[in-house]
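# Just a sequence and a predicted model for now, questions to come.
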Amino acid sequence: MLRPATSADLDDLAAFLRSADLTVAALAEPAVHLWLERDEAGAVRATTGFELGAAGEHALVRSVAVRPDLRGAGDGLRLARFALDRAADAGARQAWLFSRRSGGFWQKLGFAATTTSDLAAALPDAHQVRLFRSTGQLDHEVAWHRPLPVRDNVVV
């Protein structure tokens, strides 16, 4: 069962994300909302989350990962939808993400390829955008975008 990540989860969460070759920048920052699932032994089995932009209209989906031995059962789609729903609940109207390897997966969820410059313009202060700019990685990334449904009851 998904539950919000706490400061006590950060070391395990970072190790899990590194093993999935995902960015671990700014996991503890207030704009970054993360959830995780642990197995019966306490090991992280899956994660999901998003970073809400400063104005609240844009969200950067991040940290969507399932342990390799558990893939193929639909958990990735469930986790991604969860993050998209929570971002919309928080008031975001647009979802963005970086993904060089999983374009087909994200297209199943309604994402379309976009430019990294469009993503960076929408979320200039996102930690991942700032990191990728500072390291020169931004130009080597692949960006994706989709609108989110408008929610009547916005919760942050």
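Yes, it's here.
# Show me which positions of stretch 22-30 end up buried.
Neighbour-count burial for stretch 22-30 flags 22-23, 25-27 (criterion: 16 or more other CB atoms under 10 Å). Every residue, glycine included, has its C-beta placed from N, CA and C.
# ends of that stretch, how far apart?
19 Å (CA to CA, to the nearest Å).
# just stretch 113-133 next, same as before
Span of stretch 113-133 from end to end, CA to CA: 19 Å.
# which outside residues touch it?
Outside of stretch 113-133, the residues within contact range by CB atoms under 8 Å, 6 or more residues apart in numbering are 23, 25-26, 29, 31-32, 51, 53-54, 58, 60, 62, 94, 96, 98, 103, 137-139, 141-145.
# For it, the averaged confidence score.
Mean per-residue pLDDT for stretch 113-133: 95.
# how about it: buried residues?
Residues of stretch 113-133 classed as buried by neighbour count (16+ other CB under 10 Å): 114, 116, 119-120, 122-123, 126-130, 132.
# Could you tell me which of those residues are located in helices?
Secondary structure from DSSP state H places 116, 119-120, 122, 127-130, 132 of the buried residues of stretch 113-133 in helices.
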